[in-house]
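Asker: Sequence first, then the predicted structure, then my questions.
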Amino acid sequence: MYLASDLKYKFTLKILKYFSLTTVLILCFTSCKKDDDGSVDSIPANDYTEQHIIENDSIIDFMQNHFYNYEDFSNLAPGDGPELIIDSIKGNNINKISIYDQVSSFDINVKDSDGNLFPHTAYYVIIREGIGDNPTVADSVFVKYKGMLLNKDIFDQRNAPIWLQAKNIVRGFQEFVPLLKKGNINTNSDGTYNFTNFGIGFVIMPSGLGYYNGATSNIPQYSPLIFQVQMMTLNRTDHDNDTVLTILEDLDGDSNFDNDDTDSDTIPDYQDPDDDNDGILTKDEYDLDGDGVADDTDGDGIPDYLDNE
């Protein structure tokens, strides 16, 4: 079990408060390391629907026959964050409560190369919700995490928190982190900081929300994934500094920020300081009256920053 003292990290509060996207470490998990040609090893993709049925059955069977160390998470001290351990329900563990009897679920549509949508189900447990704000799928999050396969092999683990941009990580992880809340940042007398009451949970996802037919040295093709996440803190993102949060630039709400390009100039809105290419910077026409709502001067239902007429 990690104690509060294990969660002390020597970085300044100023860095946390004024965290810059230009210095953020964008982590692509060790498991999705690219080959020299820039691609992940892959085989021709299976049918999404058929593959999801197969994997969903295997995930349910896994959850029905395994438990996690929920007793270690009972009566947590504010700074505690035990490591997730999963074991089989048999022998001395025959009376343990299965993961299946504790999970909730959410569905996410996965789009194939032809634009067809296929629903995928992920299962999750919120162990401690946290007490602060929830991140969005676009935000930068400061997390500890552990990634496992269904055979319980660990393919990636961060025991010290690291900054991730949620939009750059696998879909199931990206959609799970908004279910957790950040914790408190506490200043210690020695100048260090520690986190308390941070959100803790884990998610079990099919490969369609992970790497699907991609493979690495430690993740085979079509591997369901398990991630434990501890949500220390977060920063809202505005990648192009146009005063419009990145999450608001996902106009179609599909969590893919690269396919929203209002002016069709090949620059996604979240990276484009002039979203409608009318020669007026977005920050200079988004909310001039300061009421927190995007201005629509001509009342045509299209905000000024997206309206080039």
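Answerer: It's in.
Asker: Can you show me the helices along the stretch 151-300 of the chain?
Answerer: Ranges of helices within the stretch 151-300 of the chain are 171-176, based on DSSP state H, counting those that start in this stretch.
Asker: tell me the strands in it, going along the chain?
Answerer: 154-165, 184-187, 193-196, 199-205, 214-215, 225-235 (DSSP state E, counting those that start in this stretch).
Asker: how far out from the middle of the chain is the fifth one?
Answerer: Think strand 214-215. Centroid separation between strand 214-215 and its chain, computed with Cα atoms, centre = their mean, to the nearest Å, is 20 Å.
Asker: Also the fourth one?
Answerer: Going by Cα atoms, centre = their mean, the spacing between the C-alpha centre of strand 199-205 and its chain's C-alpha centre is 10 Å.
Asker: Please work out which residues outside that strand touch it.
Answerer: Strand 199-205 is contacted from outside by 59, 62-63, 68, 73, 81, 84, 99, 103, 120, 122-130, 170, 172-173, 176, 179-183, 224-231, using Cβ atoms under 8 Å, 6 or more residues apart in numbering. C-beta coordinates here come from the backbone N, C-alpha and C atoms, glycine included.
Asker: circling back to that earlier point, which stretch in the strands of the stretch 151-300 of the chain has the least confidence?
Answerer: Mean pLDDT values for the strands of the stretch 151-300 of the chain show the minimum at strand 214-215, a mean of 88.
Asker: ok, now how distant is Ile59 from Ser104?
Answerer: Computed as Cβ to Cβ, to the nearest Å, the Ile59 to Ser104 distance reads 14 Å.
Asker: shared neighbours, the two?
Answerer: Joint contacts of Ile59 and Ser104 (Cβ under 8 Å, 6+ apart) are Tyr123.
Asker: Which one's more surrounded, these two?
Answerer: Taking other Cβ atoms under 10 Å, Ile59 and Ser104 do not tie; Ile59 has more neighbours (23 against 11).
Asker: May I have the phi/psi pair for the more buried one?
Answerer: phi -70, psi -40 (degrees, to the nearest 10).
Asker: returning to that earlier point: which one of the strands of the stretch 151-300 of the chain lies closest to Phe257?
Answerer: strand 154-165 (10.2 Å; Cβ to Cβ).
Asker: Name the spans of the stretch 1-150 of the chain whose pLDDT lies under the cut-off.
Answerer: 1-43 (pLDDT under 70).
Asker: All the helices of it, in order from the start?
Answerer: 13-17, 48-64.
Asker: Any chance of CSV for the strands of the stretch 151-300 of the chain, columns mean neighbour count and distance to Asp269?
Answerer: Below are the strands of the stretch 151-300 of the chain laid out as CSV (neighbours: other Cβ atoms under 10 Å; distance: least, Cβ to Cβ, whole Å):
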stretch, mean neighbour count, distance to Asp269
strand 154-165, 16, 16
strand 184-187, 15, 31
strand 193-196, 20, 33
strand 199-205, 24, 28
strand 214-215, 19, 27
strand 225-235, 25, 20
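Asker: In JSON lines: those strands, plus distance to Glu309.
Answerer: Shown next, in JSON lines, are these (distance: least, Cβ to Cβ, whole Å):
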{"stretch": "strand 154-165", "distance to Glu309": "34"}
{"stretch": "strand 184-187", "distance to Glu309": "46"}
{"stretch": "strand 193-196", "distance to Glu309": "48"}
{"stretch": "strand 199-205", "distance to Glu309": "43"}
{"stretch": "strand 214-215", "distance to Glu309": "43"}
{"stretch": "strand 225-235", "distance to Glu309": "35"}
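Asker: Tell me which of the ones you listed lies nearest to Ile267.
Answerer: Across those, closest to Ile267 is strand 154-165 (Cβ to Cβ), at 18.0 Å.
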